[in-house]
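Novice: any chance you could fold what I've pasted below:
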Amino acid sequence: MAQSVKDIAAALGAEAFGAVDLLVDGASEPAAAGPGHLALAMTPTYGDALAQGRARAAVVWPGADWQALGLEAAIIAPRARLAMAGLTQMLDHPLPGEGISPHAAIDPTAQIGKNVTIGAFTVVGPDAEVGDNTWIADQVSIAAGVQLGAGCQIHAGVRLRRGTRLGRRVILQPNAAIGGDGFSFVTAEPSNVELARETLGEGETTIPDDPTWHRIHSLGGVEIGDDVEVGANSCVDAGTIRATCIGPGTKIDSLVQVGHNVIVGEHCLLCAQAGVAGSTVIGDRVVVGGKAGVADNLIVGDDVVLGGGSIVLSNVPKGRVMMGYPATKMQTHIEGYKALRRLPRILRGLAKR
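Specialist: Residues are numbered from 1 along each chain as shown. You can find the predicted model right below:
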């Protein structure tokens, strides 16, 4: 639906200039923008690209001479990415479907709230609870006793196993799996990995008399707080006895693994291909970069930032910025990296002596 530049600016808490009644029906990068688009030129880097497109209106950076850029109207966005959040929400397409599909299989004992959408071939198990205004896509599996809060979005192919409890406004992207069994096995005698941990790798591994891995079942489920998002194909494993917990406001990217018994605090970011091993505690507002890993039974303090590819093998105090394998303070890692790059030159100099 087309919206005026003036209304968009008001919704973003930004200022509009020029022909503010101009209507736009979508957003575009500057070079690809048509006359009905709102071009996104939020930094000077994109200024030249406006001339390559046909936008009449754009979101521009503070101090931009929007008239010299050939625009009829402009919105000034002091914080570009924050404006992007509001703008994309305004222009996003509404969720498809309405009501409960006749092809959905809903157990008679399930409690379905008001204004709920449930897609085709979705299964809702016995005693499950679905909150008001929740939207559930096609081919979702909701196990017995699962609880969904109000206003959730559950996209196609999501699997919610028993013992899963979602807060309000939780968004689960396609094929997320919540509440699968944790990766927890034990042998009759101490395994080589247990011995290696105790001895720090001293000695050789042995051939066990009975190598059978006995499953430790997951009875604890998963608790996910309000306003959490979980990306496509990510997994949050059920706890062994107590629940695995994801705190309110936390955002989990695609292809992330959260192990059994993990506690993730509030307003954290877990980026793509990150992994958190079992029974680790992640504090509030922690950022775990892409492909970063955190070993089991550790504590990562509040406001920690783990750079991409970092591997955390010990507890991290609050407020630290960490990089590397094993993860160390960012400055320590950078100094070590610089020294490593100088090493060949140093060795060549020593060889000449």
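
Novice: name the helix or strand of this protein that has the lowest mean pLDDT.
Specialist: The least trusted helix or strand in the chain, going by mean pLDDT, DSSP states H and E, turns out to be helix 80-91, with a mean of 86.

Novice: buried stuff in stretch 218-232?
Specialist: By neighbour count on 16 or more other Cβ atoms under 10 Å, the buried set for stretch 218-232 is 218, 220-232. For every residue, glycine as well, the C-beta is placed using N, CA and C.

Novice: doesn't residue 212 make contact with residue 185?
Specialist: No - look at residue 185 against residue 212 with Cβ atoms under 8 Å: they stay out of range, at 9.2 Å.

Novice: figure out the length between the terminal residues of stretch 170-188.
Specialist: Terminal residues of stretch 170-188 lie 41 Å apart, using Cα to Cα, to the nearest Å.

Novice: let me see the mean pLDDT of that stretch.
Specialist: The average pLDDT within stretch 170-188 is 97.

Novice: next: stretch 122-141.
Specialist: Mean per-residue pLDDT for stretch 122-141: 98.

Novice: would you put the C-alpha positions of that stretch in CSV?
Specialist: What follows is stretch 122-141, C-alpha atoms only, in CSV (Å, rounded to 0.1, in the frame of the first residue of the first chain):
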residue,chain,number,x,y,z
THR,A,122,0.2,-28.3,10.6
VAL,A,123,-0.3,-30.7,13.6
VAL,A,124,-1.2,-29.4,17.1
GLY,A,125,-0.9,-32.1,19.7
PRO,A,126,-3.0,-32.9,22.8
ASP,A,127,-3.2,-30.2,25.5
ALA,A,128,-1.1,-27.8,23.5
GLU,A,129,-1.9,-24.1,24.1
VAL,A,130,-1.8,-21.4,21.3
GLY,A,131,-2.1,-17.8,22.4
ASP,A,132,-4.2,-15.1,20.9
ASN,A,133,-3.2,-13.5,17.6
THR,A,134,-0.6,-16.2,16.9
TRP,A,135,0.2,-17.0,13.3
ILE,A,136,1.3,-20.5,12.4
ALA,A,137,2.4,-21.4,8.9
ASP,A,138,2.0,-24.7,6.9
GLN,A,139,3.6,-28.0,8.0
VAL,A,140,4.5,-27.0,11.6
SER,A,141,4.6,-29.7,14.3
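
Novice: just how off-centre is it within its chain?
Specialist: Centroid displacement of stretch 122-141 relative to its chain, using Cα atoms, centre = their mean, to the nearest Å, is 22 Å.

Novice: pull out the buried positions in it.
Specialist: Buried-residue list, stretch 122-141, by 16+ other Cβ under 10 Å: 122-125, 128-131, 133-141.

Novice: over to stretch 301-310?
Specialist: In stretch 301-310, counting by 16+ other Cβ under 10 Å, buried: 301, 304, 305, 306, 307, 309, 310.

Novice: can you list those residues in JSON lines and add distance to residue 79 and secondary structure?
Specialist: Output for these, formatted as JSON lines (distance: Cβ to Cβ, whole Å; DSSP: H, G, I helix; E, B strand; the rest coil):
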{"residue": "301", "distance to residue 79": "28", "secondary structure": "coil"}
{"residue": "304", "distance to residue 79": "24", "secondary structure": "coil"}
{"residue": "305", "distance to residue 79": "20", "secondary structure": "strand"}
{"residue": "306", "distance to residue 79": "25", "secondary structure": "strand"}
{"residue": "307", "distance to residue 79": "24", "secondary structure": "coil"}
{"residue": "309", "distance to residue 79": "28", "secondary structure": "coil"}
{"residue": "310", "distance to residue 79": "28", "secondary structure": "coil"}
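
Novice: list the contacts for the residue positioned nearest the centre of the chain?
Specialist: Centroid-nearest residue in the chain: residue 252, 2.2 Å away (criterion: Cα atoms, centre = their mean). The contact partners of residue 252, taken as Cβ atoms under 8 Å, 6 or more residues apart in numbering, are 228, 229, 230, 231, 234, 236, 246, 258, 270.

Novice: then residue 224?
Specialist: Here residue 224 is in contact with 164, 165, 166, 167, 170, 178, 230, 236, 245, 246 (Cβ under 8 Å, 6+ apart).

Novice: what is the burial count for the residue nearest to the first one when sequence neighbours are not counted?
Specialist: Using Cβ to Cβ, 6 or more residues apart in numbering and skipping the chain neighbours, the partner closest in space to residue 164 is residue 179 (4.2 Å). Neighbours of residue 179 under the rule other Cβ atoms under 10 Å: 26.

Novice: how far away from the center of its chain is the one helix or strand residue 179 maps to?
Specialist: Residue 179 belongs to strand 177-180 when elements are defined using DSSP states H and E. Offset of strand 177-180 from its chain centre (Cα atoms, centre = their mean): 15 Å.
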